[in-house]
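# compute the structure for the input listed below.
(2 chains)
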Number of protein chains: 2
Amino acid sequence: MASSRPRASAETAPLFAHGIRALNVGVSEFALSPRAHGATVLELDWRPPAGGDRDLGLLLARLEDDPDDPIGSQVTTANARALERILAARPMLVGMGRAADLLPGLGPRHVLHAGPPIEWPRMCGPMRGAVIGAILYEGWAATPEAARRLADDGAVSFAPCHHFSAVGPMAGVVSPSMPVFIVENAAGGNRAYAIQNEGLGKVLRFGAYGAEVLDRLRWMNETLAPALTRAIGAHGPIDLKNLTAQALQMGDECHNRNVAASSLFARLIAPALVRTSPSEVAAAVLEFLEANNHFYLNLSMAASKATLDGAHGITGSTVVTVMARNGVEVGVRLSGTGEAWFTAPAQIPDGLYFPGYGPADANPDLGDSAITETAGLGGLAMAAAPAIVRFIGGAAEEAMATTKRMYRITLARNNDYGIPALGFAGTPTGIDARRVVDSGIAPIFNTGIAHREAGVGQVGAGIAKAPLACFADALRELGRRLGVPM
Amino acid sequence: MASSRPRASAETAPLFAHGIRALNVGVSEFALSPRAHGATVLELDWRPPAGGDRDLGLLLARLEDDPDDPIGSQVTTANARALERILAARPMLVGMGRAADLLPGLGPRHVLHAGPPIEWPRMCGPMRGAVIGAILYEGWAATPEAARRLADDGAVSFAPCHHFSAVGPMAGVVSPSMPVFIVENAAGGNRAYAIQNEGLGKVLRFGAYGAEVLDRLRWMNETLAPALTRAIGAHGPIDLKNLTAQALQMGDECHNRNVAASSLFARLIAPALVRTSPSEVAAAVLEFLEANNHFYLNLSMAASKATLDGAHGITGSTVVTVMARNGVEVGVRLSGTGEAWFTAPAQIPDGLYFPGYGPADANPDLGDSAITETAGLGGLAMAAAPAIVRFIGGAAEEAMATTKRMYRITLARNNDYGIPALGFAGTPTGIDARRVVDSGIAPIFNTGIAHREAGVGQVGAGIAKAPLACFADALRELGRRLGVPM
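Residues are numbered from 1 along each chain as shown, chains lettered A, B, ... in the order given. Okay, the predicted model is just below:
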């Protein structure tokens, strides 16, 4: 098929008069003239690879599969290994503990946050709110004002959760005394960590820090976590891949819709919980689980993190192992680019708002929960969760179309995660930065939307895109590491 | 559009030579001749209304909506009222009790069974097996042989569950000391009853009656039912319409797939259960609920029965209020035909078999669980449960197509029961016997498949169709009751 760019209508008119059909690639105005002559013109929504950036296009060409090019071959082999590890991962919930005891190097005045590195002065409102809440919860200050001063004075250290194999939704704030789940990748031996999910409404992760938020956190620390720890111990390791697989057959995408997985988890843990806790504690925990349809989100995140960490650090691999947002920037890491972050400004999500709120209230894209998309869940598995459109907007058909589009930027289908509505096709898995840059198709995040100010909380839910620049910059760094001349 | 029946090709050839396109209605051979002359013939899969039965066709015409015909008008008004009651129904789980105490008129040696009336000598193997099990469970006999003799001697009375506002899956056997759920239709005040679900494998409802079956029934009577009774009492009435609506968003159709509803129910009842039972009892009950993905089936059935009983007994209504199978015959009741049953032979379901079994082992269609289809769930709501095809066979697209076909024989969409994959369209609700007979489209049942011999159990799951003759006979009776001359 050749493209048709008829600049001079006089030249092309005789052609179209004979009923020839044309394919217009690129600028749609080019089709006007042949159409005026009665031709049938099919428009192809084509954009030049790498956004027309010549150097980036040349780099992409060097990184493509090519048995005669040692660099291309290395990328192919590295990606195959990364994919193999992602698909073979076996994330198991093995226990819980205090962040300070489990995350090596976490200092006594350390607060972890979502996304790529960011310091207090540049933090967005909801993250500042969550930090204030964590300082109050830890007892480092007695009032929000004092907590703010403590942060202003540099008396608190900050680091991304991801630097500690941890993940946190939205603000993602983890402080030393918070309990975390331990998820072990039985296939790779590596571990990942996540705090417990608080539910919806006024919660720390959306930047609220009032008394009800702190009271709930204390109950989660003093009652929920010990009870779940005993129950997990009595039950034995819980296969999160299996729970996620079941939930994908039940309308969850395990990021923004977790009602099936949360119900399955509650039903699964209930007997051991009852056998290892006093009745009143077991009942209170079961009530909390009953009221929290997002409880599984943090387990889904830790499972995704354990899965992807197992595939990180493979020289030459263009597979994306981290996508995370701090509310100001989105940060991306590739398996083959080590500990470097590639960042670009975060967008305001496109979604549905709770009554009384709108886009003007929204904070830009926030949270480590995009680790689920990185593992092929969430936005990438949206076709499994058509009902999610009632929460984030859009039509059920768009959920199908989104997953189908995501197949174009991923290297494999995870057959452990079948999507019923797509004939049990596996979820799109192994985002390839080359394909993202080449196609201009950005990974899609399903996400909650936080109010832009500290202390308010959630105002909606919707969809955001990972900025293409992160992937282009990551590929440039990968090229440098592989010695591609640039 | 006129049909084209070119019997003499010489006559029709000139017509087709001018590129005329034809629509062939009925016998496909009629299209051969015009096709041979180069015409484009569209085949319409048309069958004459009422299967070509002239008298039935005339009856249908009299029962159709017609403001100038008092009979047609009466049917229209009656159906509108029936539909209104079905859609407004509010089935609530309000408690449990012993069948003997709750089902008025149930004698001390009464055994209820699924489907239309049938006596012991004509019962199918799995129903005989379940009756033997019930006799042993009640202690009326000590051995299967003695139980069989008791039934042979006529010392046990039999009646359909439906005669007592009760429903039972598969063999549907209910004996006096069995505990039953009480589901009250808060909109109509009527009540329906169902036994507890035993789980899969060797179970009474599939005709097994070994020691493990009887031990489980005793535990369900002595431990499970009292614990659930206390929990329901402490929790307060449970809105089954709400649970079903959620489950339809989670891949259940609430007949043959109930994993979401069962999980939601377990999560919902767990706190009250723990607060009202000793820990070891609560833990054992929660373990049973965790292992039984079909526990909600019997609640779905009782909710469907309570819904449809509220719409039964409206003179002139052609809305189907009961479809039930006893393993020999399928029986149907209409709202407007009172207590009469209209029966036809039951088919062998078309489905997937467990390893080692095949269609030759299958008993014909069995169970009251088709009450779910009668209420617009199960086979009618299959588009909500694409994953069910892994259990009953077929492709996900067929699940969509089935529900779309069922819209043609139903009068309304139940907007409380949205199907995400169909853009949240409501489930096809209010099966109209006129539409079934007119279109020749039979209601579809999702169903378990029992072994044809007593004592074996389940051998598979699949799909069956309600026989068209039941609906035709029911319409004839309705016509007689309305004074249509025949």
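
# identify each buried residue in the strand or helix carrying A:Asp101, please.
Following DSSP states H and E, one finds A:Asp101 within helix A:99-102. Using 16 or more other CB atoms under 10 Å in any protein chain shown as the test for burial, helix A:99-102 gives A:99-100, A:102. C-beta coordinates here come from the backbone N, C-alpha and C atoms, glycine included.

# tally up the residues packed near A:Lys202, please.
By the measure other CB atoms under 10 Å in any protein chain shown, the count of residues near A:Lys202 is 19.

# one more: the one 4 residues further on?
The local packing of A:Phe206 (other CB under 10 Å) involves 28 other residues.

# before we move on, the earlier item: so which of the buried residues of helix A:99-102 are also by chain B?
Filtering these for proximity to chain B (criterion: CB under 8 Å from any CB of the partner chain) leaves nothing.

# got these as a markdown table, with pLDDT columns?
Shown next, in a markdown table, are the buried residues of helix A:99-102 (pLDDT from 0 to 100):
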| residue | pLDDT |
| --- | --- |
| A:Ala99 | 98 |
| A:Ala100 | 97 |
| A:Leu102 | 98 |
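
# quick check, nearest of these to A:Ala291?
A:Ala99 (24.7 Å; CB to CB).

# and the residue lying closest to A:Thr410 once chain neighbours are set aside, its phi and psi?
Sequence neighbours aside, A:Pro428 is the residue nearest to A:Thr410 in space, at 4.0 Å (criterion: CB to CB, 6 or more residues apart in numbering or on different chains). Note on A:Pro428: its backbone torsions stand at phi -60, psi 120 [degrees, to the nearest 10].

# check contacts around A:Pro428.
A:376, A:380-381, A:403, A:406-407, A:409-410, A:413 (CB atoms under 8 Å, 6 or more residues apart in numbering or on different chains).

# run through the bridge partners of the closest residue to chain B within the stretch 1-150 of chain A.
For the stretch 1-150 of chain A, the residue closest to chain B is A:Leu93, as judged by CB to the nearest CB, at 16.0 Å. Taking DSSP bridges as the rule, A:Leu93 bridges to A:Val183, A:Ile238.

# how much space between it and B:Ser304?
Per CB to CB, to the nearest Å, A:Leu93 is found 37 Å from B:Ser304.

# of those two, which one has the most company?
Taking other CB under 10 Å, A:Leu93 and B:Ser304 do not tie; B:Ser304 has more neighbours (32 against 24).

# look up the pLDDT of the more buried one for me, please.
Per-residue confidence (pLDDT) for B:Ser304: 98.

# repeat that for the one 5 residues further on.
At B:Asp309, the pLDDT value in this model is 98.

# how close does A:Ile174 sit to A:Ser165?
Wrong residue type there; residue A:174 is Val, not Ile. 11 Å.

# on that earlier part again, give me the beta-bridge partners of the residue nearest to A:Thr410?
In beta-bridge terms (that is, DSSP bridges), A:Pro428 pairs with A:Arg413.

# neighbours around A:Glu477, how many?
15.

# only alpha carbons, please: show the helix holding A:Asp101 as PDB.
The C-alpha atoms that make up helix A:99-102 are tabulated as PDB, following Å, rounded to 0.1, in the frame of the first residue of the first chain:
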ATOM      1  CA  ALA A  99       8.200  -0.700  58.000                       C
ATOM      2  CA  ALA A 100      11.100   0.300  60.300                       C
ATOM      3  CA  ASP A 101      11.900  -3.400  60.900                       C
ATOM      4  CA  LEU A 102      11.500  -4.600  57.300                       C
END
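
# now do that helix: distance to the chain's middle.
24 Å (CA atoms, centre = their mean, to the nearest Å).

# just after that helix, pick out the following helix or strand.
strand A:110-113.

# buried ones in that next one, by neighbour count?
Buried-residue list, strand A:110-113, by 16+ other CB under 10 Å: A:110-113.

# try stretch A:369-385
By 16+ other CB under 10 Å, the buried positions in stretch A:369-385 come out as A:369-385.

# so of these, which ones are in strands?
Counting by DSSP state E, those place none of their members in strands.

# of those, which are in range of chain B?
Okay, of the buried residues of stretch A:369-385, nothing touches chain B (CB under 8 Å from any CB).

# so which of those sit within helices?
Among those, the members found in helices (DSSP state H) are A:371-374.

# need the residues you listed in a markdown table with pLDDT, can you?
As requested, these are exported to a markdown table (pLDDT from 0 to 100):
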| residue | pLDDT |
| --- | --- |
| A:Ile371 | 98 |
| A:Thr372 | 98 |
| A:Glu373 | 98 |
| A:Thr374 | 98 |
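
# what residues does chain A put near chain B?
Residues of chain A lying near chain B (CB under 8 Å from any CB): A:246, A:249-252, A:259-260, A:262-264, A:266-268, A:270-272, A:274-275, A:279-280, A:282-284, A:286-287, A:289-290, A:386-387, A:389-390, A:395-397, A:420-424.

# okay, and which of those residues map to strands?
Among the residues of chain A next to chain B, no member falls in strands (DSSP E).

# quick check: domain ranges of chain A?
A:9-46, A:53-87+A:311-482, A:92-305 (automatic domain parsing).

# average pLDDT for the shortest one?
Meaning domain A:9-46. Averaged over domain A:9-46, pLDDT sits at 62.

# sorry, back to before: anything in contact with each of A:Val174 and A:Ser165?
Residues touching both A:Val174 and A:Ser165 by CB under 8 Å, 6+ apart: A:Leu103.

# quick check: which ranges of the stretch 101-250 of chain A have low pLDDT?
Along the stretch 101-250 of chain A, no part satisfies pLDDT under 70.

# looking at the domains of chain A, which is nearest to B:Arg35?
domain A:9-46 (27.3 Å).

# which strands and helices sit next to the helix holding A:Asp101?
strand A:179-185, strand A:191-195 (3 or more CB pairs under 8 Å, 6 or more residues apart in numbering or on different chains; DSSP states H and E).

# tell me which of those sits most buried.
Mean neighbour count, computed with mean count of other CB atoms under 10 Å in any protein chain shown, is highest for strand A:191-195 among the helices and strands packed on helix A:99-102, reaching a mean of 27.

# what's it in contact with?
A:91, A:99, A:102-103, A:164-168, A:174, A:178-185, A:298-299, A:301-303, A:305-306, A:309.

# next SSE downstream of it?
Next along the chain from strand A:191-195, counting by DSSP H and E, comes helix A:211-219.

# that following helix: what's the following helix or strand?
Next in line after helix A:211-219, if elements are assigned by DSSP H and E, sits helix A:225-235.

# chain center to the helix or strand hosting A:Asn79: distance?
Element membership of A:Asn79, judged by DSSP H and E, is helix A:70-88. Chain-centre distance of helix A:70-88: 22 Å, with CA atoms, centre = their mean.
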